[in-house]
Structure formats: structure tokens, C-alpha cells
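**Student:** one predicted model, sequence on top.
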Amino acid sequence: MTSPNGAAAPIGRMLTAMATPMTADGQIDHDDLAALAVRLVDDGHDGLVVSGTTGEAPTTTDAEKTQILRTVIDAVGDRACIVAGVGTNITDHTVHLAKAAEQAGADALLVVTPYYNKPPQEGLVAHFTAVADATELPNVLYDIPGRAGVPIHPATLQRLGEHDRIVGVKDAKGDFFSAAEVMATTNLVYYSGEDALNLAWLASGAVGLISVVGHAFGPEYVRMIAAVDRGDLGEARAINASLIPAVKLIMSAMSQGAIQSKAAMQLMGVIRSRHLRLPLLEASEGELGFLRETLIAAGKKVTV
């Protein structure tokens, strides 16, 4: 897969960081997981990220992560690139998860910056290199200092970009100038990791999106990518403007993407329960009301 400017898109172009459906008693709902994966691919996704932050990776076990991955691969693995989130703040554990994901059949890995322990840049180089060395799969690094506590500096990305299996960056840092430098001096490709900046990233050279709002608005983002590809910035701006209410609500600082994406999928009849594991709480009835209104105003079919 490539973008119109010739840049490789190693994991696809329109991806969503999937929620992990659960039953009311907190068990993984594999039937709804498969249904959600099919719905997303039917909506135009050419890649899916499982067991990321939105997939509640911090509260699922290693065994559950493997089962989640296998369910999604069985459902849509022949139609989309399946990316396994394997990042933790323990290098040995991340390597273990990377190997398990490769064995389970993942197409690529998403590796977040080690969080909370705030390693120095040399520690990041050692960590990401160890993970990339552990499998034959392409690695996309997830730069999200708001959660991890430290950014991946441009010079660090330039060094890591020399590794054959480190192929891209999911960016939730929003430093467009630094990203331009990295893209100009390495073969790393960029994916927007922040829905509020999706259009800005595409206009700045990102090859694709790893979205949360894409749970409900995948077709719109597919059209926005296509508009940017053909140089129709006016159309891309119009699509982006139409999505502002949904982005503000689903990615609200007062809530969390996993909470709102599950609620949206329940309202649209894709999954049966919006349950999450603590410390996350499911959307309240008041939040559901606002979300229902936003979805209906956007022309989405709400069944609940």
C-alpha cells in the first residue's frame, strides 16, 4: 500500500484503534469483537489496531490479548492489516508480547513509548531496538508524551529509523515541524494519532490515520484521505468541519475514547454492551443522550 506521493503505507491508511467489547460481567465478548472488526472493515478500514489504549490493553491479560488478536484475524485478517498493540513500560514484557503477537498471526506491531518510568532517550533507543529485534514484523512507534510522560525526540527517531523493521510513527505529540524533519531525513512514515489533528497531519505528509472516532465515522475519514490525495483541500476541510462535533464529544477531556467509542457502537447496534473494566466507567445515560444526538445529526443510524 502506498500514498499518492509514493510513500509506503506499511500498515494501511485508514485504521481505527479498536475497542474491545465486553459482556456485562467483564468478560471479552468475542462474538461482538468479530462483529465490530467486520463492521470497521466494511466501512473502509484497511487496517485495525487491537489491544491499544482504546482496546483497554492495561486491563487485559496476556492470554486475553492473544485471544483478542486471533478473533480479529479470523474475522477480517484476509481483508485488512491487523496491528497488535504490544507496548508496556517493561522491555522484557513488551518483547514477550511482540513474540506472542507474531506467533498469533499479527501483521505488524504498535509499540508505545514506555510510560510512567520516563526513560532517557538512550533508554528509548534500547527499548524500541530490543522489541524490533525480537520479531520479523514491522514496528510502528507510538509517540504520546501526554500519556507516556516523555516524547521521542527527533534525533532519537532518526536513529531508530535506521532499523529495518521500525517503519513508522503514530504521532499524538502534534509537533509538525519536528515530524517534517524526521520525514525529510528518514524513511519513517507518519500516522495521525490524534483525531482533532487528522486533517493537519494528512496535509503535512502523514500517510494515514489511527483513529478512535473512526469507530463511527470511518467512511468520512476514508473520503477525507481521498480528498487530500487528489488535492481537493476544500472537500477535505468540509469533511473535517462536519466531524468537529463528533471529535469533540468522543475525544472529550472529560471522558475517554474507549468509553465513548463503545457507547457509540452500542447505540449504532454494532455491539451489545458498553461495559469497561475499572478504572474506566461506562458512559452515563446523560453522555449517551449527547452522543445519540450527535450521531443522529451526522446521519448515523441509531438503533438503541
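**Tutor:** Great, that's in hand. Residues are numbered from 1 along each chain as shown.
**Student:** ok, now which ones touch S252?
**Tutor:** Taking Cβ atoms under 8 Å, 6 or more residues apart in numbering as the criterion, S252 is in contact with Q260. Using the backbone N, CA and C atoms, a C-beta is placed for each residue, glycine as well.
**Student:** so it: helix, strand or coil?
**Tutor:** Of the three states, S252 takes coil under DSSP: H, G, I helix; E, B strand; the rest coil.
**Student:** what's the pLDDT at it?
**Tutor:** For S252, the model assigns a pLDDT of 85.
**Student:** and G6, by the same measure?
**Tutor:** Confidence score, pLDDT, at G6: 50.
**Student:** again, but for V304
**Tutor:** 84.
**Student:** against V247, how distant is it?
**Tutor:** Per Cβ to Cβ, to the nearest Å, V304 is found 22 Å from V247.
**Student:** swap in M254?
**Tutor:** Distance from M254 to V247, by Cβ to Cβ: 14 Å.
**Student:** all helices for the stretch 101-250 of the chain, in order.
**Tutor:** Using DSSP state H, counting those that start in this stretch, the helices of the stretch 101-250 of the chain run over residues 121-134, 145-148, 154-160, 176-185, 198-203, 214-229, 233-250.
**Student:** please name the nearest non-neighbouring residue to Y115.
**Tutor:** In this structure, Y115 finds its nearest non-sequential neighbour in A148, 4.3 Å apart by Cβ to Cβ, 6 or more residues apart in numbering.
**Student:** neighbour count winner among V304 and V247?
**Tutor:** Taking other Cβ atoms under 10 Å, V304 and V247 do not tie; V247 has more neighbours (20 against 11).
**Student:** so what's the more buried one up against?
**Tutor:** Here V247 is in contact with D195, A196, V213 (Cβ under 8 Å, 6+ apart).
**Student:** need the pLDDT of it.
**Tutor:** Note for V247: predicted pLDDT of 96.
**Student:** my guess is V189 meets P10, correct?
**Tutor:** Yes - applying Cβ atoms under 8 Å, one finds V189 in contact with P10, separated by 6.8 Å.
**Student:** where do the contact lists of the two overlap?
**Tutor:** By Cβ under 8 Å, 6+ apart, the residues touching both V189 and P10 are V167, G168.
**Student:** now the helix or strand hosting L291, how far from the centre of its chain.
**Tutor:** Per DSSP states H and E: L291 is located in helix 285-297. Its chain's C-alpha centre and that of helix 285-297 lie 23 Å apart, by Cα atoms, centre = their mean, to the nearest Å.
**Student:** one more: stretch 197-209?
**Tutor:** 14 Å.
**Student:** and the nearest residue to T91 once chain neighbours are set aside, how far from Y191?
**Tutor:** Distances taken as Cβ to Cβ, 6+ apart place H127 nearest to T91, at 4.9 Å, with adjacent residues excluded. Per Cβ to Cβ, H127 is found 20 Å from Y191.
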